[in-house]
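Asks: fold the following, please.
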Amino acid sequence: MVASGALLAVVLLAALGPLFWTVSPNQVNLAETLQPMSSAHPMGTDDLGRDVFARFLEGARLSLMVGAVVVLAGATIGGALGVVAGMSRQPVSGFLGWVINTLLSFPTLMLAMAVSVALGAGVFAGAAGLVLAAIPWYARVLRSEVLRIMSRPSVEAAVVAGAGSIRIARRNVIPHLMPTLLIQAASNFGAAILTLAALGFVGLGAQPPQAEWGSMITGGLQYALSGQWWIGVFPGLGLIVLVTATTVLADRARDILDPRGSYVRS
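Replies: I've put the predicted structure just below:
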């Protein structure tokens, strides 16, 4: 309940916050630089006098949107690849398995960084790298699940009866993949948000003046020891709450939907 409430609070704050807090996140005011928390600036201001709370809200929206895009694209492409790999025969199955394992050999952050460098630093490049890193995890998990489902008597009976591959996939395979897919998506959502922040932290994610939690943490580091801690602490807390809540909910979903414990964490 706590994790659900925390996630809901962040989502509502990101969605409804701009309706009540209309300050522009990119409005520079050099007369109010590094101001502490006040009624005018609930989270203080940064080194350019920009409202940290407004930038916090924009960073939350960006994190949630990128996380959703990564989950949807990764689940769609990776899921389709996993189903095809699991239902195909050699040499197609072997080739697809080789492609999946090759992509899995690269650490998620390194693969995302490589794509970001190749496409040019920015949110789009970062999201593309995260999608590419997520695809093989979905494909591997669902391929294993498809192989298990294909050995069921009901599926073997459908094959003997002459049912086509598309019909078998639609009626006998895909419906049974939904619990595994939901578990993987819940875990991938939090991982995507954390990796996006890591890209922003090293300068490969969102570029100035766009607000993003990782880049905000980086910008606040140089002022942390001089007393202006709020610049980096608030986005850091938001990141901790959001990622922790999604991770707890993913573990809970695994316990409910996958009592066999066969789920593979990304």
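Asks: what helix or strand is the residue sitting nearest the centre point of the chain located in?
Replies: Centroid-nearest residue in the chain, with C-alpha atoms, centre = their mean: Ala192, separated by 2.4 Å. Here Ala192 sits within helix 174-201, counting by DSSP states H and E.
Asks: which ones are touching the residue nearest to the centre of the chain?
Replies: For Ala192, the contacting residues are 66-67, 70-71, 130, 134, taking C-beta atoms under 8 Å, 6 or more residues apart in numbering as the criterion. C-beta here means a position set from N, CA and C on the backbone, and glycine is covered the same way.
Asks: can you pull the poorly scored residue ranges out of the protein?
Replies: By pLDDT under 70, the weakly predicted segments of the chain are 258-266.
Asks: now the residue of the chain positioned farthest from its centre: how far from Val84?
Replies: Most distant from the centre of the chain: Ala161, at 41.6 Å, with distances by C-alpha atoms, centre = their mean. Shown here: Ala161 relative to Val84, a distance of 22 Å by C-beta to C-beta, to the nearest Å.
Asks: buried sites along the helix holding Ala192?
Replies: 174, 177, 179-201 (16 or more other C-beta atoms under 10 Å).
Asks: same question, stretch 3-12
Replies: Across stretch 3-12, burial judged by 16+ other C-beta under 10 Å covers 3, 6-7, 10.
Asks: try stretch 62-82
Replies: Here stretch 62-82 shows 62-64, 66-67, 69-71, 73-75, 77-82 as buried, counting by 16+ other C-beta under 10 Å.
Asks: ok, longest helix in this protein?
Replies: Taking DSSP state H as the criterion, the chain has its longest helix at helix 52-87.
Asks: that one - contacts with which helices or strands?
Replies: Judged by 3 or more C-beta pairs under 8 Å, 6 or more residues apart in numbering; DSSP states H and E, helix 52-87 is in contact with helix 2-20, helix 92-104, helix 123-150, helix 174-201, helix 213-224, helix 230-257.
Asks: now the angle from that helix to helix 123-150?
Replies: 40 degrees (axes from the mean of the first three to the mean of the last three C-alpha atoms, to 10 degrees).
Asks: just how off-centre is helix 52-87 within its chain?
Replies: Averaging C-alpha positions (C-alpha atoms, centre = their mean, to the nearest Å) puts helix 52-87 5 Å from its chain's average.
Asks: tell me what angle it forms with helix 213-224.
Replies: 140 degrees.
Asks: please save the CA atoms from stretch 93-112 in PDB.
Replies: Output in PDB follows, covering the C-alpha atoms of stretch 93-112 (Å, rounded to 0.1, in the frame of the first residue of the first chain):
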ATOM      1  CA  SER A  93      15.300 -20.000 -33.600                       C
ATOM      2  CA  GLY A  94      19.000 -20.400 -33.200                       C
ATOM      3  CA  PHE A  95      19.800 -17.200 -35.100                       C
ATOM      4  CA  LEU A  96      17.300 -15.200 -33.000                       C
ATOM      5  CA  GLY A  97      18.600 -16.700 -29.800                       C
ATOM      6  CA  TRP A  98      22.100 -15.700 -30.900                       C
ATOM      7  CA  VAL A  99      20.900 -12.100 -31.500                       C
ATOM      8  CA  ILE A 100      19.200 -11.900 -28.100                       C
ATOM      9  CA  ASN A 101      22.200 -13.300 -26.300                       C
ATOM     10  CA  THR A 102      24.600 -10.900 -28.100                       C
ATOM     11  CA  LEU A 103      22.600  -7.900 -27.000                       C
ATOM     12  CA  LEU A 104      22.400  -9.300 -23.500                       C
ATOM     13  CA  SER A 105      26.200  -9.400 -23.300                       C
ATOM     14  CA  PHE A 106      26.300  -5.600 -23.200                       C
ATOM     15  CA  PRO A 107      25.500  -4.000 -19.800                       C
ATOM     16  CA  THR A 108      22.300  -2.000 -20.000                       C
ATOM     17  CA  LEU A 109      23.800   1.300 -19.100                       C
ATOM     18  CA  MET A 110      26.800   0.900 -21.500                       C
ATOM     19  CA  LEU A 111      24.400   0.000 -24.400                       C
ATOM     20  CA  ALA A 112      22.200   3.000 -23.700                       C
END
